[in-house]
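Peer 1: I need the structure of the sequence given here:
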Amino acid sequence: MGVNRPPSAIRVEIGELALDGFQADPARVSAAFERELARLVGQHGVPLAANGAVTVDALTGLAPLPAGLSARRLGQELARAVHEGLSGHGQVTR
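Peer 2: Just a heads-up that it's a prediction; the model follows:
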């Protein structure tokens, strides 16, 4: 009956992260990315999915990241950029 409750679960599936031009260890980048994205989604949700499930094929137009970042920092910044895209910033392809 129109009760507005937060979702009981949020699932974000990332098919591929392409990291061209970075020297950081991909496994460490991925681990930092997952931790930070989980934290951001848990704290802020996924605004693009506020009205129900949504599928996004690609996020483009996001801010560039400096190539010299550590694996941890690169993963965190990448997660923030992806979450910004899921928040309605950047170009979304569905």
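
Peer 1: Only C-alpha atoms from now on, for both contacts and neighbour counts.
Peer 2: OK.

Peer 1: show me where this structure has helices.
Peer 2: Using DSSP state H, the helices of the chain run over residues 26-44, 71-86.

Peer 1: quick one: which of those helices has the weakest pLDDT on average?
Peer 2: Of all those, helix 71-86 carries the lowest average pLDDT, namely a mean of 87.

Peer 1: quick one: that helix to helix 26-44, angle?
Peer 2: Per axes from the mean of the first three to the mean of the last three CA atoms, to 10 degrees, the angle that helix 71-86 makes with helix 26-44 is 40 degrees.

Peer 1: Just the C-alpha atoms of helix 71-86, please, in PDB.
Peer 2: C-alpha atoms of helix 71-86 as PDB (Å, rounded to 0.1, in the frame of the first residue of the first chain):
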ATOM      1  CA  ALA A  71      46.400   0.300  -5.900                       C
ATOM      2  CA  ARG A  72      44.300   1.100  -2.800                       C
ATOM      3  CA  ARG A  73      43.800   4.800  -3.700                       C
ATOM      4  CA  LEU A  74      43.100   3.900  -7.400                       C
ATOM      5  CA  GLY A  75      40.400   1.400  -6.300                       C
ATOM      6  CA  GLN A  76      38.800   3.900  -3.900                       C
ATOM      7  CA  GLU A  77      38.800   6.700  -6.600                       C
ATOM      8  CA  LEU A  78      37.500   4.300  -9.200                       C
ATOM      9  CA  ALA A  79      34.600   3.200  -6.900                       C
ATOM     10  CA  ARG A  80      33.800   6.900  -6.200                       C
ATOM     11  CA  ALA A  81      33.700   7.600  -9.900                       C
ATOM     12  CA  VAL A  82      31.400   4.600 -10.500                       C
ATOM     13  CA  HIS A  83      29.200   5.600  -7.600                       C
ATOM     14  CA  GLU A  84      29.000   9.100  -9.000                       C
ATOM     15  CA  GLY A  85      27.800   7.600 -12.300                       C
ATOM     16  CA  LEU A  86      25.200   5.500 -10.400                       C
END
